[in-house]
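**Student:** Got a sequence here, can you build the structure:
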Amino acid sequence: MKTLLFTLLLFPVVLFSQNLDETFSTENKNPYKIQKCVDEMTDKVYFFGNETLKAIDTEGGKKGFVVRVSFKEEKGRAVYNGLSVKSVGIGNCVEESKLVVLFEDGSKETLTAWNDFNCKGNSYFDLRTNMISKLNKPINKIMFQEGRSFERYTEEVSTEDKSFFMNVVKALNQTEYEVVSCD
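**Tutor:** Predicted coordinates:
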């Protein structure tokens, strides 16, 4: 059972590490867009970003994390709704995790996860949804620290990802969204 669990947890990291050259290449990097889908059965509107901020151990490929921006629908528009992190290989389970962003100007923002203990590597940040304006500047490094074991992983952000949060804010100011299938 432990072997199966380890394999399932490691599988996403292997996929991430196999595609690092593609992911961090400027030629393949898409501009950040907010995508919209409408569930044809419920008519519910969903918004999500087309890009994530990845911090993956390129040498061993055994640990890392992915930052995703969440949105909700409000009066037909996408509204920022917090950050989520999926971590692998940084502690066994997560609780009270921290996400620290070091900006090029030397300033830092530290966020603490608000969700309950889980062993899936899911951490959710910014319950009050007021951080996006504070993150709106070039990033230098990003760190994820698990709050139970205090294991952490820090990575210098690639040149093309330095403006990740700035691009999110720019996309939020747009009123047109790329329409995609909810499938």
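**Student:** Name the residue closest to the centre of the chain, please.
**Tutor:** residue 67 (1.3 Å; Cα atoms, centre = their mean).
**Student:** secondary structure class for that one?
**Tutor:** The three-state label given to residue 67 by DSSP: H, G, I helix; E, B strand; the rest coil is strand.
**Student:** Identify the residues contacting the nearest residue to it once chain neighbours are set aside.
**Tutor:** Leaving aside its sequence neighbours, residue 67 sits nearest to residue 53 (Cβ to Cβ, 6 or more residues apart in numbering; 4.1 Å). C-betas here are computed from N, CA, C, even on glycine. Counting by Cβ atoms under 8 Å, 6 or more residues apart in numbering, residue 53 touches 66-68, 142, 157, 161, 164.
**Student:** could you pull out the helices for this protein?
**Tutor:** 2-18, 20-24, 164-172 (DSSP state H).
**Student:** Going by neighbour count, list what's buried in the last one.
**Tutor:** When neighbours are counted by 16 or more other Cβ atoms under 10 Å, the buried residues of helix 164-172 are found to be 164-165, 167-169, 171-172.
**Student:** which residues touch it?
**Tutor:** Here helix 164-172 has contacts from 31-34, 49, 51, 53, 67, 69, 78-80, 101, 132-133, 135-139, 157, using Cβ under 8 Å, 6+ apart.
**Student:** CA-only coordinates of it in CSV, if you can.
**Tutor:** What follows is helix 164-172, C-alpha atoms only, in CSV (Å, rounded to 0.1, in the frame of the first residue of the first chain):
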residue,chain,number,x,y,z
PHE,A,164,3.6,35.7,-13.1
PHE,A,165,1.5,37.6,-10.6
MET,A,166,1.7,40.9,-12.6
ASN,A,167,0.3,39.0,-15.6
VAL,A,168,-2.5,37.6,-13.4
VAL,A,169,-3.4,41.2,-12.4
LYS,A,170,-3.3,42.3,-16.0
ALA,A,171,-5.6,39.4,-17.0
LEU,A,172,-8.0,40.3,-14.2
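**Student:** check contacts around residue 145.
**Tutor:** By Cβ under 8 Å, 6+ apart, the neighbours of residue 145 are 90, 97-100, 151-152.
**Student:** and with 10 Å instead?
**Tutor:** The neighbours of residue 145, taking Cβ atoms under 10 Å, 6 or more residues apart in numbering as the test, are 87, 90-91, 94, 96-100, 110, 112, 151-154.
**Student:** which among those residues gets closest to residue 119?
**Tutor:** The closest of the contacts of residue 145 to residue 119 turns out to be residue 94 (Cβ to Cβ; 7.7 Å).
**Student:** shaky segments in this protein?
**Tutor:** For the chain, the stretches flagged by pLDDT under 70 are 1-29.
**Student:** hey, where'd the strands end up in it?
**Tutor:** Secondary structure of the chain (DSSP state E): strands at 34-38, 45-49, 53-56, 64-74, 77-88, 98-103, 108-112, 122-125, 139-145, 152-156, 178-179.
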